[in-house]
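Engineer: Here is my input; please provide its structure:
(one chain, ligands or ions: 2)
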Amino acid sequence: ERKSTYKIAQIGADGIGPEVIEAGVQAVHAVAKKVGTFNVDFTELDWSSDRYKKTGSYVPADYIEILKKHDAIFFGAVGAPDVPDHISLWGLRLAICQPYMYANVRRTKVLPGTSSPLKNLQPGELDWCIIRENSEGEYAGHGGRSHRSLDHEIGTEVTIFTRTGIRRIARYAFQVAQSRPRKLLTYVTKSNAMRNGMVLWDEVINEVSKEFPDVTMDHMLVDAMTVRMTLHPKSLDTILATNLHADILSDLAAALAGSIGIAPTANIDPSRTMPSMFEPIHGSAFDITGMGIANPVGTFWSACEMLDWLGEHEASKILMKAVEQTCADGISTRDLGGAANTQEVTEAVIQRIKAL
Ligand code: NAI
Ligand code: MG
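Structural biologist: Numbers count the residues shown, from 1 in each chain. Ligands and ions are numbered 1, 2, ... in the order given. A predicted model of the protein is given here:
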């Protein structure tokens with residue numbers, strides 16, 4: 001339900017994460033002031049690779065209790081050059097998201113003033129929402145290694161699919177498809193080569209589809225899906241895929257939309273047991289950390305998703321409009337071909353929020 005004050009856990013974490021999150025906090029405050037019916041109270045948490053290097057842990061022992069005191073989590077990126085990526089990812093991002101936030105939602109469109117590497121694609125022609133299963137599948141964390149360092153060393157990474165897990169993500173994806181004008185859901189598997197878990201996906205999704213007779217559904221194998229996304233982007237709307245497949249397809253989607261710096265993610269717990277987490281899809285970008293030139297647009301768009309999830313739809317629309325106007329006016333960072341820095345883009349967005 002809507003509140004007069006929202007408590008947001010702010011976790012910038014590593015690299016450009018704190019830079020873009022700081023920009024996002026400014027934009028959220030500006031839009032809250034504009035709407036005038038709610039406040040946003042950010043609690044800065046220092047959960048990061050620096051904390052890990054000092055204390056041996058990314059998060060305190062009672063981190064779930066701490067997060068539960070908040071209405072949402074606003075997250076930057078995790079990953080440091082001197083920490084292995086599987087340690088940082090599991091230590092922070094997956095520790096927070098995996099147990100509860102089973103739906104990962106990634107919207108993609110070509111914003112005004114940005115251009116797709118696809119020839120002839122006009123703004124508005126690519127408008128996708130990718131739903132990624134976010135709690136099990138290929139990233140379930142099951143497996144092990146034995147016969148260490150011997151020639152016959154074994155490493156297993158066991159994919160776990162459950163009927164419950166597939167059913168709940170399928171229902172969520174159908175609901176999203178139903179809420180969009182085209183009411184079109186394309187689901188992706190590899191059930192020709194993977195004949196157990198992926199065939200279970202086919203079966204469960206076909207069952208769930210009967211609850212949504214107004215949604216048109218089609219099915220793609222993941223390899224053919226890369227071709228369809230590239231050659232026939234207009235034929236797609238809502239897309240459902242497994243944890244691994246959607247991870248890869250959503251990076252492709254971000255690249256086809258013009259830059260990894262503009263794409264948002266929402267990690268949603270549809271049951272609202274835990275606060276949901278909102279973050280740009282990009283990583284900590286060591287190559288540009290500290291230069292003040294990170295593109296904050298993916299973070300602004302993630303803030304729009306957060307405001308929508310909190311029920312503040314008007315604020316979400318105003319912020320998105322201000323971001324689109326800023327892009328259309330050619331005020332953008334280097335990755336989009338512009339010359340502005342993070343703070344200049346942020347100030348341009350705030351000015352447009354005030355003027356709207
Ligand atoms: P990355 O997304 O950090 O960077 C890839 C390229 O895109 C770099 O050239 C970078 O400068 C550019 N880029 C990314 N975000 C940008 C932005 N906002 N504005 C302008 N340019 C931007 O991916 P990479 O280099 O593979 O990973 C770096 C670290 O980030 C690794 O430790 C990785 O594990 C971590 N990572 C974390 C994620 C997360 O926390 N959700 C997601 C992806 C990677
Ligand atoms: Mg990824």
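
Engineer: Could the C-alpha coordinates of stretch 123-132 be exported in PDB?
Structural biologist: Extracted as PDB, the C-alpha positions of stretch 123-132 are listed here (Å, rounded to 0.1, in the frame of the first residue of the first chain):
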ATOM      1  CA  PRO A 123      12.700   4.400 -31.300                       C
ATOM      2  CA  GLY A 124       9.500   2.600 -30.100                       C
ATOM      3  CA  GLU A 125      10.000  -0.400 -32.300                       C
ATOM      4  CA  LEU A 126      11.900  -2.400 -29.700                       C
ATOM      5  CA  ASP A 127      10.000  -2.600 -26.500                       C
ATOM      6  CA  TRP A 128      10.600  -5.800 -24.600                       C
ATOM      7  CA  CYS A 129      10.100  -7.000 -21.100                       C
ATOM      8  CA  ILE A 130      12.300 -10.000 -20.200                       C
ATOM      9  CA  ILE A 131      11.300 -12.100 -17.200                       C
ATOM     10  CA  ARG A 132      14.100 -14.200 -15.800                       C
END
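
Engineer: Show me which residues of that stretch are buried.
Structural biologist: Along stretch 123-132, these residues count as buried under the neighbour rule (16 or more other Cβ atoms under 10 Å): 123, 126-132. Just so you know, the C-beta spots here come from the backbone N, C-alpha and C atoms, and that holds for glycine as well.

Engineer: helix/strand/coil for residue 107?
Structural biologist: strand (DSSP: H, G, I helix; E, B strand; the rest coil).

Engineer: hang on, residue 125 packs against residue 233?
Structural biologist: Yes: Residue 125 sits in contact with residue 233 when judged by Cβ atoms under 8 Å, with a separation of 6.8 Å.

Engineer: ok, of the buried residues of stretch 123-132, which one's closest to residue 210?
Structural biologist: residue 131 (18.7 Å; Cβ to Cβ).

Engineer: And the pLDDT for the closest residue in space to the closest one that isn't next to it in sequence?
Structural biologist: Leaving aside its sequence neighbours, residue 131 sits nearest to residue 173 (Cβ to Cβ, 6 or more residues apart in numbering; 4.2 Å). pLDDT for residue 173: 98.

Engineer: Quick one: low-confidence residue ranges for the stretch 101-250 of the chain.
Structural biologist: Counting by pLDDT under 70, the stretch 101-250 of the chain shows no low-confidence range.

Engineer: which residues of it fall in helices?
Structural biologist: Remark: helices assigned in the stretch 101-250 of the chain by DSSP state H, counting those that start in this stretch are 163-179, 197-209, 222-231, 243-256.

Engineer: Contact residues of the stretch 251-356 of the chain facing ligand 1?
Structural biologist: Within the stretch 251-356 of the chain, the positions adjacent to ligand 1 are 260-261, 279, 282-288, 294-295, 298, 333, 335 by Cβ under 6 Å from any ligand atom.

Engineer: Please name the nearest non-neighbouring residue to the residue of the stretch 101-250 of the chain at minimum distance from ligand 1.
Structural biologist: Residue nearest to ligand 1 within the stretch 101-250 of the chain (Cβ to the nearest ligand atom): residue 247, separated by 9.5 Å. In this structure, residue 247 finds its nearest non-sequential neighbour in residue 132, 6.5 Å apart by Cβ to Cβ, 6+ apart.

Engineer: same question, residue 29
Structural biologist: Excluding its sequence neighbours, the residue lying closest to residue 29 (Cβ to Cβ, 6+ apart) is residue 40, at 6.5 Å.

Engineer: wait, isn't the one you found in contact with residue 27?
Structural biologist: No: counting by Cβ under 8 Å, residue 40 stays clear of residue 27, with 10.6 Å between them.

Engineer: one step back: just the buried residues of stretch 123-132: which are in strands?
Structural biologist: Using DSSP state E, the members of the buried residues of stretch 123-132 that fall in strands are 127-132.

Engineer: Which residue lies nearest the spatial centre of this structure?
Structural biologist: Nearest residue to the geometric centre of the chain (Cα atoms, centre = their mean): residue 265, 1.6 Å.

Engineer: mind checking the SS state of that one?
Structural biologist: Relying on three-state DSSP, one would call residue 265 strand.

Engineer: Quick check: it vs residue 168, distance?
Structural biologist: Look at residue 265 and residue 168: by Cβ to Cβ, to the nearest Å, they are 19 Å apart.
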